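Enquirer: any chance you can model this:
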Amino acid sequence: MTRIESERKHINASDKEVYAFMSDFNNFSGLMPPQVKNWESTVDSCSFTVEGMASLAMRITNRQAYQLVEMVSEGKSPFDFVLKCHFTSIDEKHCEAHLVFDAELNAFLSMVAVKPLTNLVNLLIDRLQAHFA
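Expert: Sure thing, here's the model as predicted:
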């Protein structure tokens, strides 16, 4: 199992607001990098293509109010993964958020995918912070 963790980011919104935003895949398109194409989403699932790479799909499998949103790979994703979005309240108008990405990568995929996946996880948390700035 390969684990990639984002930095912990201070978000200028309550844990309730960030939880509500991250609990709906329809909100995610603005967090994605420009290489993501063919974005399709419902509240609970999404699919997209990373330009020149692979098609991915995810679904939300666990929501713990104001603390966690957990997503898992589904469909034809090239590897199994879990993305967890953690939220911790600081006060009524601020929270801290961070992402944890766990992936089942073979040795070859690990060599080629860890850096882009790390960049993606950090980009997502940066864009989440910017969304609520």
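
Enquirer: OK, contacts around the residue nearest the centre of the chain?
Expert: Nearest residue to the geometric centre of the chain (Cα atoms, centre = their mean): residue 83, 5.6 Å. Shown in contact with residue 83 (Cβ atoms under 8 Å, 6 or more residues apart in numbering): 58, 70-72, 99-101. Using the backbone N, CA and C atoms, a C-beta is placed for each residue, glycine as well.

Enquirer: over to residue 57?
Expert: Contacts of residue 57 (Cβ under 8 Å, 6+ apart): 45-48, 73-77.

Enquirer: from those residues, pick the one nearest residue 2.
Expert: Distances from residue 2 to those, taken as Cβ to Cβ, are shortest for residue 73 (13.2 Å).

Enquirer: bridged to the nearest residue to that closest one once chain neighbours are set aside, which residues?
Expert: Spatial nearest neighbour of residue 73, chain neighbours left out: residue 81 (4.7 Å); criterion: Cβ to Cβ, 6 or more residues apart in numbering. Beta bridges link residue 81 to residue 103, judged by DSSP bridges.
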